[in-house]
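Peer 1: Starting from these lines, generate the structure:
(one chain, ligands or ions: 1)
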Amino acid sequence: MYVEEMIAGVSQTAGVHVTAQPDSLRINPSSKSLDPGNTATFQATTSTTPFTVTAWTWNGVAPTNGHALTNLSACTAGSSSCMGEFYESGTLTCEAVMNGVTVLAFATVTVTPCAATGDSILDSPEVRKQMLDELAASNPSATPGTGVKKERAGLIFKRPDGSYYLKYIPDSTTTECFSHLQYVPGDSVGDVAIVTFHTHPSNDGDPVYGCPPDTLANGRVVRWAQRRNDGLRAPRANSSGNGGGSDQDWSVVRSSAIDGYTISKDGHVYMLPHDTTQVPVGDEANNPNVWHRKDKNSVCLKHGR
Ligand SMILES: [Zn+2]
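Peer 2: Predicted structure coming up:
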């Protein structure tokens with residue numbers, strides 16, 4: 001509405017001139033800033049007008065799982081939302097039919113690359129995300145001793161183009177206390193296994209079930225609890241305070257030709273060098289090769305505890 005009145009013979013206009021705006025298609029949010037690998041959901045919406053989504057596009061083409069975005073959910077004709085993990089900046093477009101007319105809406109996605117970690121393998125967004133996915137698949141929040149929480153182990157391969165990926169290697173004997181690692185070929189000819197990896201789905205001090213028996217110096221064998229309330233004692237996790245590896249982990253990596261990486265329940269990543277000139281025997285607690293997550297939703301890692 002507007003108000004017009006004559007004051008001293010001059011036309012004066014006051015108030016706000018409102019005309020009915022046609023409804024429009026929008027994407028919420030219309031822009032989003034992310035760390036690489038963060039998940040975001042985009043929702044197509046109008047104020048009141050019904051609409052039918054006919055296509056989503058990412059930088060002009062149909063979104064597919066790849067390097068720029070992955071773990072896509074919806075993002076197809078008929079779905080008013082599009083969700084995925086984003087690794088590169090770009091423009092998400094929603095095409096819809098509203099009142100018989102094709103309309104478009106846009107959202108910009110800005111992905112800020114993680115700062116360098118100082119470690120060529122951890123500088124790979126793909127590997128960092130895979131490590132976090134393996135940690136999540138270990139069910140770190142499950143009740144200890146129920147058989148749900150399990151370590152997961154694998155190998156990190158280098159492709160001929162210099163990029164890296166983590167390959168999880170299933171093993172039926174794995175528990176929340178230990179994992180066996182079998183060496184397997186990479187996904188493609190020419191991929192080379194360069195380091196080992198396993199998860200520690202417990203924080204220091206948590207009881208850990210499923211540990212193998214220990215043989216003491218006097219030959220006595222100590223058996224540990226395999227399940228809650230099975231009458232045996234469960235040792236407490238202590239690998240983080242031991243430079244990211246149990247005594248067994250350090251012993252295994254030092255008898256190997258390649259380094260080992262671990263990730264703990266709190267998201268800290270450790271590199272256990274096989275070379276004892278880097279971390280001398282007895283000095284494991286001072287292992288300097290440790291990184292922490294930038295924040296709890298980030299796949300960016302920063303050097304240090
Ligand atoms: Zn371990």
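
Peer 1: By mean pLDDT, flag the weakest helix or strand of the protein.
Peer 2: Least confident helix or strand, the chain: strand 3-7 with a mean of 45, by mean pLDDT, DSSP states H and E.

Peer 1: any idea how far residue 286 is from residue 156?
Peer 2: 24 Å (Cβ to Cβ, to the nearest Å). Every residue, glycine included, has its C-beta placed from N, CA and C.

Peer 1: out of those two, which sits in the more crowded spot?
Peer 2: residue 156 (24 against 9; other Cβ atoms under 10 Å).

Peer 1: Cross-check the contact I'm expecting between the more buried one and residue 163.
Peer 2: No. Under the criterion of Cβ atoms under 8 Å, residue 156 is not in contact with residue 163, lying 11.0 Å apart.

Peer 1: Residue 52 is in contact with residue 25, correct?
Peer 2: No. Here residue 25 does not reach residue 52: they are 10.7 Å apart, not a contact under Cβ under 8 Å.

Peer 1: Can you show me the helices along the stretch 151-300 of the chain?
Peer 2: In the stretch 151-300 of the chain, the segments counted as helices under DSSP state H, counting those that start in this stretch are 247-254.

Peer 1: and the residue of it nearest the ion?
Peer 2: In the stretch 151-300 of the chain, the residue that lies nearest the ion is residue 249 (4.0 Å; Cβ to the ion).

Peer 1: and the closest residue to residue 127 other than its chain neighbours, what is it in contact with?
Peer 2: Leaving out its chain neighbours, the residue that sits closest to residue 127 by Cβ to Cβ, 6 or more residues apart in numbering is residue 164, at 5.0 Å. Applying Cβ atoms under 8 Å, 6 or more residues apart in numbering to residue 164 gives the contacts 121, 124, 126-127, 156-158, 194.

Peer 1: again, 7 Å this time
Peer 2: 121, 124, 126-127, 156-158 (Cβ atoms under 7 Å, 6 or more residues apart in numbering).

Peer 1: The residues you listed: which two are farthest apart?
Peer 2: 126 and 158 (11.8 Å; Cβ to Cβ).

Peer 1: Check the burial of the residue of the stretch 151-300 of the chain closest to the ion by counting its neighbours.
Peer 2: As a measure of burial, residue 249 has 23 neighbours, counting by other Cβ under 10 Å.

Peer 1: Verify the stated contact: it with residue 274.
Peer 2: No. In this structure residue 249 lies outside contact range of residue 274 using Cβ atoms under 7 Å: 11.2 Å.

Peer 1: ok, and for stretch 149-162, which residues are buried?
Peer 2: By neighbour count on 16 or more other Cβ atoms under 10 Å, the buried set for stretch 149-162 is 149-158.

Peer 1: Quick check: residues of the stretch 101-250 of the chain near the ion?
Peer 2: 246, 249 (Cβ under 5 Å from the ion).

Peer 1: Show me the strands in the stretch 101-250 of the chain, by range?
Peer 2: Ranges of strands in the stretch 101-250 of the chain, per DSSP state E, counting those that start in this stretch, are 101-111, 153-158, 164-168, 192-200, 214-215, 221-222.

Peer 1: Lowest mean pLDDT across these, which one is that?
Peer 2: Comparing mean pLDDT over those, the weakest stretch is strand 214-215, at a mean of 90.

Peer 1: residues touching whichever residue of the stretch 1-150 of the chain sits closest to the ion, list them.
Peer 2: Proximity of the stretch 1-150 of the chain to the ion (Cβ to the ion) peaks at residue 138, 11.4 Å away. Taking Cβ under 7 Å, 6+ apart, we find residue 138 in contact with 149-152, 199, 201.

Peer 1: how about 10 Å then?
Peer 2: Listed by Cβ atoms under 10 Å, 6 or more residues apart in numbering, the contact partners of residue 138 are 148-153, 174, 176, 179, 198-202, 263, 265.
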